[in-house]
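Visitor: What follows is a predicted structure for the sequence shown.
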Amino acid sequence: MNKKLSPREHARLARELIEACGGLEEAASACRVKKSALSGYQTAHDPSTMPADIIDALEEYAQQGPIYSGAIAERRMFPVPAGNLADLACELSEQTLEAQALIRRALSDGQLTPREIDAIAAAERDAEAALDRLKAARRAIDAASPSPLRAA
């Protein structure tokens, strides 16, 4: 059984989610709590953690995938060995290079057609998904083995 998230991990995930929203002001405008509460969620020494409805509202607002909830789900349901980070990093690199090659081909004639723009958008989504998988794996590993030597 996995141990619960540490206060440091909750604070880091809250900070990442709030940053993905554009900062405290933007995040506060997207949910039911004020900046002061959001600020507290980012502090490991604050006893409060971000409620599920706030996580949901901010992840929807940020439109960057499941930042906080994904880390919890990945850690709980899909433990990832540290060795898989290399595979996931390679997958991200491959997806990014595919997007780059597609963009170069599309721009070779100096114009972008609607079909090329759609293909680029699909390549971006593939690269973003690969990045999300890498982040989730890193978060799962981090949550499963917190280290006092690592900065919050």
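Guide: Right, received. Where do you want to start?
Visitor: contacting residues for residue 10?
Guide: Going by CB atoms under 8 Å, 6 or more residues apart in numbering, residue 10 touches 41, 44, 49, 50. Where you see a C-beta, it was placed from the backbone N, CA and C, and this is true even at glycine.
Visitor: Same question for residue 39.
Guide: Contacts for residue 39 (CB under 8 Å, 6+ apart) come out as residue 24.
Visitor: that older thread, okay, among the contacts of residue 10, which ones form the most distant pair?
Guide: Distance extremes for the contacts of residue 10: the farthest pair is 44 and 50 at 12.8 Å, using CB to CB.
Visitor: what's around the closest residue to residue 13 other than its chain neighbours, how many residues?
Guide: Using CB to CB, 6 or more residues apart in numbering and skipping residues adjacent in sequence, the residue nearest residue 13 is residue 68, 4.5 Å away. Neighbourhood size, residue 68 [other CB atoms under 10 Å]: 28.
Visitor: got it, and residue 135?
Guide: Counted with other CB under 10 Å, residues neighbouring residue 135 total 20.
Visitor: got the phi/psi numbers for it?
Guide: phi -60, psi -40 (degrees, to the nearest 10).
Visitor: what kind of secondary structure is the residue lying farthest from the centre of the chain in?
Guide: In the chain, counting by CA atoms, centre = their mean, residue 109 sits farthest out from the average C-alpha position, at 35.4 Å. The three-state label given to residue 109 by DSSP: H, G, I helix; E, B strand; the rest coil is coil.
Visitor: Just want the most central residue of the chain.
Guide: Nearest to the mean C-alpha position of the chain, by CA atoms, centre = their mean, lies residue 67 at 3.8 Å.
Visitor: Just confirm that residue contacts residue 13, I think it does.
Guide: Yes. Using CB atoms under 8 Å, residue 67 is in contact with residue 13, at 6.8 Å.
Visitor: so what pLDDT did residue 103 get?
Guide: At residue 103, the model reports a pLDDT of 96.
Visitor: and what of residue 95?
Guide: In this model, residue 95 is scored at 94, pLDDT.
Visitor: Same question for residue 121.
Guide: On the pLDDT scale, residue 121 gets 93.
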